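> fold the following.
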Amino acid sequence: MFVVGICYRTSAQDFRECQQIFERLLPIFNQSFEDNNPALLHTKEYRRELLELQKAYQAYHRISYAYTDSLQRTNNEAVLLALSGNHSKSLRLMESLDSVGGDSRYRYNRGLVKLLNKQYAGAREDFFSNTASKYSSLNTLVAYGQDGMVPEGINYAVQTAHGNTAGKWNYTTALLYKFNNQLELAVDELTAAIRQKDKLMAYRLQRGDILMRLHKDKRAVGDFEKVARQHPKAQIRYANALLSLNRFHEAKRVFEQYLEADERDFRGNAYLGLGHANYGLQQLTEAQRYYQLAASVLHEDKVALCGQGNVLISKHEYAKARNIFERIIQADSTYLSAFLGRALVHYGLKEYKEALNDFERAAPLLDENNRALADVFVSRGYSYYYTRQPAAAQLDFQRAIRLDGASYEALAGMSNILIDQRRYPEAGQYLSRALNYEKNYDRMWSNYGNLLLHFDMYSKSYDVFKKAVALNPANLKAQNGWGVVLLESDKLDKSIALFDSLIKENPTVPYLLNNRGIVQAYLGNRHEQRLQRIDADLRYQNAGQDFEEAMRMAPSRKFYNVNQGNVYKYWEKYDEARLSYKVYQDKSAINNTGILYAGMEKLKDAKYYLGVAIGLDSTHRVFQFNMSLLVKGKYKDLARAVASAKDDGPYSDIGIKYSRDGFVTIYLYDYEYDTLYFPGRHYLPLPVDTYNEDYFIPEYDFQLMPYEEKKFGKKVTKKGKYKSQKVNMPGRSRRSGTKCPIFF
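Numbering: from 1, shown residues only. Here you go, the predicted model:
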């Protein structure tokens, strides 16, 4: 009875079982580094397989180990410890052998264990010139990167040949370029990595992150979308990239899909993203709710708190917003978004100097190419304007208009500055554009009407002031303009009634008195044409009193003297009239002086003054009209024709219609422009979440080492022991053995 080769077959079978389990575990171990997801090593499946491997190896060791297998045993036990996560013990075991001789496989595995233990220099030493694995160069490069030796790593990457690493070499090189701020080169390397193996999530995530930093958000969206369905953190990145493109509806849907799934690792980020999405859609109540949820899950996250403050600003709840921003600033004085939010709080509360201080602190955030910041530039522009810094205000308004051509606040702000600079044609152009986008602000209509008055465009200003008064009957400047255009429309009775009412309520407003004086003068002219001398004289007296009272209240407005001079001229007090015109020697006063001399039959003097007026403004229709009458000598005939004209006749223009001598006498209306104020359509988008998940991906190609086969290579036959049967026959020599009888 005997057995042959049983031990050899059992041990070989046990090692193959160990190897099979090991080959199932190692890809998961590497995936945990590829996905930067250590949780993969704590799943039930992985731990169960690891336990099976440990049992299989113990069985193999128990049967097959001999003292000559100490190196293999140390290697295998260290590898198992590394796979189980006990990296430090694995390294101690590896280093327990004094010498490993020329065994390159053992040294390579030891280098991998050193890499796990962050002993990068030692790892590079073990990897250097090691031919045990085709990944030794890759892992050397990784060791440079993880050690922070970026220039050395880049030099190594450029100078060293490498085999097929499924894109990991390019990925590692890309990270080194990224750390060296060579972002375009990093993108090129990642593109090469993706071409080699597009299944690795890290390649597209990293390229998407870098593209976001390069403000190439559309390309980043493509990368994140490619892997969003397989990986939750890619899904969150994808949604945030959509936010950066203002694709709020799509981003909202992706965040909601994430929350509907079982994944919870990025729940706070999803709430924060939904806050941003709803804020972008102007769904402020929903935005506030999600910002509050995010602050709760992310433990008072400053971005979530700042989002709440921004929503309150958009609702013009400035006091509540101030509390939030000051809380953030107290906790982190470097968070610039909180300063920007507080700047708008100050603006809303009309604390313009304080607003400018906070705008200055937040200046790095004010990207002149970010369309979303148009309102911020508007608010800062008005803060400059109200603190009498028009040059700085103008620059901000221009920035806002460049970002948003429909920003009526910025267009109107430009008109205010240009009015102050007496650049009325340009001011009118800006204000006209502003009124295309905002039709319900009475002050803008009133200012536009006043600009039309400046250019004597009374017919066009009629509808403008009518609109302004309809929007706000309490707007005194609009009512003043409405009174003027009623006069110019020959609705003298309505005009005088309006001014009487306005002055009764506002007796100290000089421009109302001046303009009522003009109406009184025209009423006097009308009475005079109707030969109602007493009534005419009374109206002239009232006009003179209004002009005198207006001059007393506003002595700096010298042009009131021109209007008073006209009354003196009607009374034929020529010396007083000349003196009044002389006080304010503008082209209108010169025109009126020429008419004064024409009335006195001093035609040479009249031509001189009218010639001077035309020299000052050769396109002025009144000057041309008066000179033509004077040269042709037709003014007396025209005066008679005007006096008998109907309302719809050829002389229905108010200046001609109520002319006593055929010439047009100019009156100077007074009006004031409103300083515009806008509460602000506050929109303060916060930067979306971006990620710097920079991790290197080594190739942990550990190998188990089988024990020596020397004791199993020779088959041994074992024979059982037994006593031989001896029969001693008499007379015979002693011979061993038994001789069997022969049977026939």
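
> with adjacent residues omitted, what lies nearest to residue 598?
Closest residue to residue 598 apart from its sequence neighbours, by CB to CB, 6 or more residues apart in numbering: residue 606 at 3.9 Å. From N, CA and C alone the C-beta is placed, and that goes for glycine too.

> find the nearest non-adjacent residue to residue 392, please.
Closest residue to residue 392 apart from its sequence neighbours, by CB to CB, 6+ apart: residue 384 at 4.2 Å.

> work out for me the element the one you found sits within.
Secondary structure assignment for residue 384, by DSSP states H and E: helix 374-386.

> ok, back up a step: the residue nearest to residue 392 and residue 676, how far apart?
Per CB to CB, to the nearest Å, residue 384 is found 14 Å from residue 676.

> who's more crowded, the two?
residue 384 (24 against 20; other CB atoms under 10 Å).

> which residues are in contact with residue 460?
residue 452 (CB atoms under 8 Å, 6 or more residues apart in numbering).

> so what does the host helix or strand of residue 144 touch, helix or strand wise?
Assigned by DSSP H and E, residue 144 belongs to helix 136-146. Judged by 3 or more CB pairs under 8 Å, 6 or more residues apart in numbering; DSSP states H and E, helix 136-146 is in contact with helix 104-116, helix 120-127, helix 150-159, helix 168-179.

> do you know how far the residue nearest to residue 392 is from residue 360?
Between residue 384 and residue 360 the distance, using CB to CB, works out to 12 Å.

> burial count for residue 583?
Applying other CB under 10 Å, I find that residue 583 has 15 neighbouring residues.

> and it, what's its pLDDT?
In this model, residue 583 is scored at 92, pLDDT.

> gap between the residue lying closest to it once chain neighbours are set aside and residue 654?
If the residues on either side of it in the chain are set aside, residue 583 comes closest to residue 561, at 4.1 Å by CB to CB, 6+ apart. Relative to residue 654, residue 561 is positioned 22 Å away (CB to CB).

> again, but for residue 605
Plainly put, residue 605 is 27 Å away from residue 654 if you go by CB to CB.

> and those two? Which one has more around it.
Neighbours were counted for residue 605 and for residue 654 using other CB under 10 Å; residue 654 has more, 18 against 15.

> distance of residue 452 relative to residue 285?
Residue 452 sits 43 Å away from residue 285, going by CB to CB.

> try residue 16
Between residue 16 and residue 285 the distance, using CB to CB, works out to 65 Å.

> what about the two, which has more around it?
The neighbour comparison of residue 16 against residue 285 (other CB under 10 Å) goes to residue 16, with 13 against 9.

> list the buried residues of the helix or strand where the more buried one lies.
Element membership for residue 16 (DSSP H and E) is helix 6-34. Neighbour-count burial for helix 6-34 flags 8, 11, 14-15, 17-19, 21-22, 25-26, 28-34 (criterion: 16 or more other CB atoms under 10 Å).

> then stretch 691-698?
Buried residues in stretch 691-698 (16+ other CB under 10 Å): 696-698.

> of these, closest to residue 74?
Residue 74 has its nearest neighbour among the buried residues of stretch 691-698 in residue 698, at 21.6 Å by CB to CB.

> so that closest one, which of the three states?
Using DSSP: H, G, I helix; E, B strand; the rest coil, the structure places residue 698 in coil.

> list the contacts of it.
33, 112, 115, 135, 138-139, 142.

> can you rerun that using 10 Å?
Shown in contact with residue 698 (CB atoms under 10 Å, 6 or more residues apart in numbering): 30, 33-34, 111-112, 115-116, 123, 135, 138-143, 145-146, 168, 172.

> cool, residue 484 as well?
Applying CB under 10 Å, 6+ apart, we find residue 484 in contact with 449-450, 453, 458, 461-462, 465, 495, 498-499, 511, 515, 518-519, 667, 669-671.

> so for stretch 468-477, what gets flagged as buried?
Neighbour-count burial for stretch 468-477 [16+ other CB under 10 Å]: 468-469, 471-472, 475-477.

> of those residues, which is the nearest to residue 265?
Using CB to CB, residue 471 comes nearest to residue 265 of the buried residues of stretch 468-477, at 54.4 Å.

> the closest one contacts residue 449, correct?
No. Applying CB atoms under 10 Å as the test, residue 471 and residue 449 come out as separate, 11.9 Å apart.

> before we move on, the earlier item: the helix holding residue 384 packs against which elements?
Judged by 3 or more CB pairs under 10 Å, 6 or more residues apart in numbering; DSSP states H and E, helix 374-386 is in contact with helix 336-348, helix 352-361, helix 390-403, helix 408-420.

> what angle do it and helix 408-420 make?
Using axes from the mean of the first three to the mean of the last three CA atoms, to 10 degrees, the inter-axis angle of helix 374-386 relative to helix 408-420 is 30 degrees.

> using CSV, list the CA coordinates for helix 374-386.
The C-alpha coordinates for helix 374-386 follow below in CSV (Å, rounded to 0.1, in the frame of the first residue of the first chain):
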residue,chain,number,x,y,z
ALA,A,374,-24.2,94.8,-14.5
ASP,A,375,-26.5,95.8,-11.6
VAL,A,376,-23.5,95.9,-9.2
PHE,A,377,-21.7,98.4,-11.5
VAL,A,378,-24.9,100.4,-11.6
SER,A,379,-25.1,100.5,-7.8
ARG,A,380,-21.5,101.5,-7.5
GLY,A,381,-22.0,104.1,-10.2
TYR,A,382,-24.8,105.8,-8.4
SER,A,383,-22.9,105.6,-5.1
TYR,A,384,-20.1,107.6,-6.9
TYR,A,385,-22.7,110.0,-8.4
TYR,A,386,-24.4,110.8,-5.2
